[in-house]
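Visitor: A structural model of the following input is requested.
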Amino acid sequence: MQRHTVDLEAENNLALSELLRIAALPIPLEELLGRCLDALLALSWLSLLPKGGVFLVARDEKDQDYLQLVAERNLGPVATLCAKVRFGQCLCGRAAATRQPIHAACVDEHHELRYDGMEPHGNYNIPILSGERLLGVLTFYLPHGAGQNVAQSDFLQRCTGVLALAIELRRKERELAEINRELNFQTTTLDQHAIVS
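Guide: Residues are numbered from 1 along each chain as shown. From the prediction side, this is the model:
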């Protein structure tokens, strides 16, 4: 049992290291999040179905926050059905509204977004938080009837910490690029005025 625990901890540490490596790659955020999904889905001990997604918080024209699906693996019709999810709607929206992880062992009344022929499954829905600020939700499918595993849930919460760092870093890089563009524009404008004068 001790050896299994050590092996599991080593696998988890390798997975977290891989997420950090991916987070440092100079690639678009959506691709980065997709690669992180791939890395987590490859972990055999998690016993996840090969389906998952990352939602990020977005804002609509009425200044209302919602979840936008930005990276997914094998979600099929759900990728369209759940492209935009209101806070409080379905399981991922509930995780966003409460900022608490939500587990479901099966498709029940809380799965408000469904389609005909949806296969039975469970879910983990883990909020991606930066301090108190919600950045998004990580969701994975589980085999139907799978109970909540505290070790899996805790590990996925640790993983969302890495995702939060990656998301925040990309946002800061984008803000810095916008500031640099504005500074370059102002400098060019001032230089042109100086030449004319």
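
Visitor: from here on, contacts and neighbour counts on C-alpha atoms
Guide: Will do.

Visitor: all strands of the protein, in order?
Guide: Taking DSSP state E as the test, the strands found in the chain are 52-59, 65-73, 84-86, 102-104, 122-130, 133-142.

Visitor: Save those strands as a markdown table, and put in mean pLDDT and distance to Asp38 too.
Guide: Shown next, in a markdown table, are these (pLDDT from 0 to 100; distance: least, CA to CA, whole Å):
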| stretch | mean pLDDT | distance to Asp38 |
| --- | --- | --- |
| strand 52-59 | 96 | 9 |
| strand 65-73 | 97 | 8 |
| strand 84-86 | 95 | 22 |
| strand 102-104 | 94 | 21 |
| strand 122-130 | 95 | 16 |
| strand 133-142 | 96 | 11 |
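
Visitor: Identify the bridge partners of the residue nearest to the spatial centre of the chain.
Guide: Nearest to the mean C-alpha position of the chain, counting by CA atoms, centre = their mean, stands Val54 at 3.3 Å. Legend: beta-bridge partners of Val54 under DSSP bridges are Ala71, Leu138.

Visitor: pretty sure it is in contact with Leu138, am I right?
Guide: Yes: taking contacts as CA atoms under 8 Å, Val54 lies within contact range of Leu138: 4.7 Å.

Visitor: Ranking the strands of the chain by mean neighbour count, which comes first?
Guide: Ranked by mean neighbour count under mean count of other CA atoms under 10 Å, the strands of the chain are led by strand 122-130, which reaches a mean of 26.

Visitor: Counting by contacts, list what it packs against.
Guide: helix 90-98, strand 102-104, strand 133-142, helix 150-196 (3 or more CA pairs under 8 Å, 6 or more residues apart in numbering; DSSP states H and E).

Visitor: With distance to Trp45 added, can I get the ones you listed in CSV?
Guide: Shown next, in CSV, are the helices and strands packed on strand 122-130 (distance: least, CA to CA, whole Å):
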stretch, distance to Trp45
helix 90-98, 23
strand 102-104, 17
strand 133-142, 12
helix 150-196, 9
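
Visitor: what residue ranges in this protein score low on pLDDT?
Guide: 1-6, 176-177, 180, 185-186, 189-194, 196-197 (pLDDT under 70).

Visitor: how about a cut-off of 80?
Guide: 1-8, 47, 112, 114, 172-197 (pLDDT under 80).

Visitor: can I assume Glu72 is in contact with Val54?
Guide: Yes: applying CA under 8 Å as the test, Glu72 and Val54 come out as touching, 6.3 Å apart.

Visitor: thinking again about what came up before, quick one, which of the helices and strands packed on strand 122-130 gets closest to His111.
Guide: Among the helices and strands packed on strand 122-130, the nearest to His111 by CA to CA is helix 90-98 (4.9 Å).

Visitor: Output the contacting helices and strands for that closest one.
Guide: For helix 90-98, the packing partners by 3+ CA pairs under 8 Å, 6+ apart come out as strand 84-86, strand 102-104, strand 122-130, strand 133-142.

Visitor: ok so, going back, can you tell which of the helices and strands packed on strand 122-130 is closest to Cys36?
Guide: helix 150-196 (8.2 Å).

Visitor: and that closest one, what does it pack onto?
Guide: So helix 150-196, by 3+ CA pairs under 8 Å, 6+ apart, packs with helix 2-23, helix 29-41, strand 122-130, strand 133-142.
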